[in-house]
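>>> structure for the following, please:
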Amino acid sequence: MCILARRTNFVWWLVIACSVAAGVMFGRPGPGVVAPIAVVSSQPDHLITVHVSGWVIMPGLVELRQGARVAAAIEAAGGTRTGARTEMLNLAQIVVDGQRINVPGPGQATTPVADDGKVPINEADAASLEALPGVGPVLAARIVAHREEHGPFRTPEDLLDVPGIGESKLDSLRDMIRVP
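Residues are numbered from 1 along each chain as shown. From the prediction side, this is the model:
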């Protein structure tokens, strides 16, 4: 009887160990799958609104928690359409309220992004500049025109010379642009 009890206990422990191992093995995402990352914020309930456009399933406004990343914004817009060119987007960049994220499709120009995830202000065209928060077609055209007339920007503060950019606008752009 003692041997039977030991075998029964062994079988139960074996079943439990196999269940735990299966849960660990099959509970993880496979290769190429990015597991969602919890967003930590000092204000966990603070929502921001981001405009996602281009080659996504449902372009438009999406609400995200403060501290979310570009990848989360694209996912909130239904994900990318086949052929979307995300290689030039910094999917890990933290989005800010009012930002526009344009996901280019086949044959479309991509927004130039530096290694640090910032838009190089002296290289970006007007369409690329419109991806910055609060920069529409008119302001983007003014930035390009100013750059062509006066030469490249040397510091972020040089943007204050562009009509329509004040201190508050510059502050909202400062962390998203790169000026050599």
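
>>> could you check how far Asp97 is from Gly107?
Look at Asp97 and Gly107: by C-beta to C-beta, to the nearest Å, they are 31 Å apart. (C-beta placed from N, C-alpha, C; glycine too.)

>>> tell me which of those two has more neighbours.
For Asp97 versus Gly107, neighbours defined as other C-beta atoms under 10 Å are more numerous around Asp97 (14 against 7).

>>> what strand or helix carries the more buried one?
Asp97 belongs to no helix or strand when elements are defined using DSSP states H and E.

>>> can you tell me the closest non-neighbouring residue to it?
Ile48 (3.8 Å; C-beta to C-beta, 6 or more residues apart in numbering).

>>> counting contacts, what elements does whichever helix or strand the one you found is part of pack onto?
Here Ile48 sits within strand 47-54, counting by DSSP H and E. Under the contact criterion of 3 or more C-beta pairs under 8 Å, 6 or more residues apart in numbering; DSSP states H and E, the helices and strands touching strand 47-54 comprise strand 60-65, helix 70-76, strand 100-103.

>>> picking that back up, state the distance from the residue nearest to Asp97 to Pro156.
From Ile48 over to Pro156 (counting by C-beta to C-beta), the distance is 22 Å.

>>> what's the answer for Arg65, then?
28 Å.

>>> tell me who's in contact with the residue nearest to the spatial centre of the chain.
In the chain, the centroid-proximal residue (C-alpha atoms, centre = their mean) is Val70; its distance is 1.1 Å. Neighbour list for Val70: 89-93, 95, 101 [criterion: C-beta atoms under 8 Å, 6 or more residues apart in numbering].

>>> specify which member of those residues is nearest to Pro152.
Nearest to Pro152 out of these is Asn90 (C-beta to C-beta; 22.3 Å).

>>> that closest one: helix or strand, and which one exactly?
Applying DSSP H and E, one finds Asn90 in no helix or strand.

>>> and it, how far from Lys118?
On the measure of C-beta to C-beta, Asn90 and Lys118 end up 8 Å apart.

>>> quick revisit: now mean pLDDT and distance to Ile165 too, for the helices and strands packed on strand 47-54, in a markdown table please.
Listed next are these as a markdown table, based on pLDDT from 0 to 100; distance: least, C-beta to C-beta, whole Å:
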| stretch | mean pLDDT | distance to Ile165 |
| --- | --- | --- |
| strand 60-65 | 94 | 24 |
| helix 70-76 | 94 | 24 |
| strand 100-103 | 84 | 17 |
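
>>> what sits against the nearest residue to Ala71 once chain neighbours are set aside?
Distances taken as C-beta to C-beta, 6+ apart put Leu91 closest to Ala71, at 4.1 Å, once the chain neighbours are dropped. Shown in contact with Leu91 (C-beta under 8 Å, 6+ apart): 69-71, 74.
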